[in-house]
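Chemist: no sequence on hand, only this structure:
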Ligand SMILES: O=C(O)CCC(=O)c1ccccc1C(=O)O
Ligand SMILES: [Mg+2]
């Protein structure tokens, strides 16, 4: 028999986890090095009602805790039946991936028990009034390669229906990146939105030079042109003074005719409030795995939105469970900008078939209950 629990009361759960390792089809080149493989944990929490929720903790060192630290945090929860949500013992700053995995599994279980989609559950919990979308706009992710290969990849993405592309920059000198961006713009034409992600590679002078040179290519934004902690530098690149009385992040435009700025690593390292308060960004990139869970990523997105800053949800090249969760998070953000959720094809293999079809530059939000109905049932049993 299923017992109903009021939504704020958490029934006892038993937590389990097991490791996985997945290779990328080919390494994703970034200014911070190549991502070649992803190692993480599938989490299952079983409620007293008999319902099992599934989650994923896939740490990416540099963005989250190490694999060992994640394993240690999860080991401490394993097999324990708890009346209190085990989330209390997981620190979102110290072990964000572990907290992500457990909070996702708990939310999946709660949504399944309630017969709701995860997106609806998340939106409800965060006080979002509008109903989550059934599909979310996405960008294609184009890695670091020479101009010809980058342009070919970009053209292929457009042929596949994408109208927003994000390319990695910052691993080469500025002139080489300008050549790559020019090659892509010429290959795809003016109707496609282009983003460039420097992953914090530039110093202030280089960033200024890069933005001036890239201004010719009508970029939707440059992501993390400066190191994560240089919030004042980011604010200055927007050509607006955060202390001029207009407040942080109220503009939502490009702050003075230049290239708009997005913050990614800054949100992880300094927190969403510091980024918004500093007026450091026109857009913020939110990675649920690095921010400690779908709930925390959604909360950050809503804070950004109310400060006039555009939220964008992306993955850390996660396996299918966490990618699907990120799709639900994005769906719960009203009018979300194109999100970096088309990363499944970067993996050579996966934990389960992908329940989120991509078409016409959009990714579908799976019907519930929970993450994706029965799609991950094999992952609940081991
Ligand atoms: O945003 C995307 O298109 C995909 C996600 C992505 O680029 C990424 C993936 C892993 C680690 C860092 C990043 C990043 O945005 O910097
Ligand atoms: Mg980024």
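Modeler: Perfect, I can see it now. Keep in mind it's a predicted model, so treat the numbers as computed, not measured. Ligands and ions are numbered 1, 2, ... in the order given.
Chemist: ok, now which ones touch the spatially closest residue to residue 100 that is not a sequence neighbour?
Modeler: Take residue 100 and drop its neighbours on the chain: the residue closest to it by C-beta to C-beta, 6 or more residues apart in numbering is residue 293, 4.6 Å away. All C-beta spots, glycine's among them, are computed from the backbone N, C-alpha and C. Shown in contact with residue 293 (C-beta atoms under 8 Å, 6 or more residues apart in numbering): 92, 96, 99-100, 103-104.
Chemist: counting neighbours, which of these comes out on top?
Modeler: The residue in the contacts of residue 293 with the most neighbours, by other C-beta atoms under 10 Å, is residue 100 (37 neighbours).
Chemist: look at that residue and report its pLDDT.
Modeler: Model confidence at residue 100, given as pLDDT, is 98.
Chemist: least trustworthy helix or strand in this structure by mean pLDDT?
Modeler: Lowest by mean pLDDT, DSSP states H and E among the helices and strands of the chain is strand 81-82, with a mean of 66.
Chemist: residues contacting residue 367?
Modeler: For residue 367, the contact set (C-beta under 8 Å, 6+ apart) comprises 117, 373.
Chemist: tell me the secondary structure at it.
Modeler: Here residue 367 is recorded as coil under DSSP: H, G, I helix; E, B strand; the rest coil.
Chemist: look up how far ligand 1 lies from it.
Modeler: 25 Å (C-beta to the nearest ligand atom, to the nearest Å).
Chemist: re earlier: relative to residue 66, how far out is the residue nearest to residue 100?
Modeler: Distance, residue 293 to residue 66, by C-beta to C-beta, to the nearest Å: 18 Å.
Chemist: next SSE downstream of the least confident helix or strand of the chain?
Modeler: Sequence-wise, the next helix or strand downstream of strand 81-82 (DSSP states H and E) is helix 96-114.
Chemist: and that following helix, anywhere near ligand 1?
Modeler: No. Applying C-beta under 6 Å from any ligand atom, one finds helix 96-114 separated from ligand 1 by no less than 12.4 Å.
Chemist: now the residue of the chain found nearest ligand 1: closest residue in space that isn't a chain neighbour?
Modeler: Using C-beta to the nearest ligand atom, the single residue of the chain nearest to ligand 1 is residue 340, 2.2 Å away. Nearest residue to residue 340, sequence neighbours excluded (C-beta to C-beta, 6+ apart): residue 314, at 3.1 Å.
Chemist: what does residue 105 give?
Modeler: residue 55 (3.2 Å).
Chemist: same question, residue 266
Modeler: Nearest residue to residue 266, sequence neighbours excluded (C-beta to C-beta, 6+ apart): residue 228, at 4.8 Å.
Chemist: okay, now that neighbour: neighbour count?
Modeler: Residues within reach of residue 228, counting by other C-beta under 10 Å, total 18.
Chemist: what are the phi and psi angles of it?
Modeler: Here is the backbone geometry of residue 228 (degrees, to the nearest 10): phi -50, psi -40.
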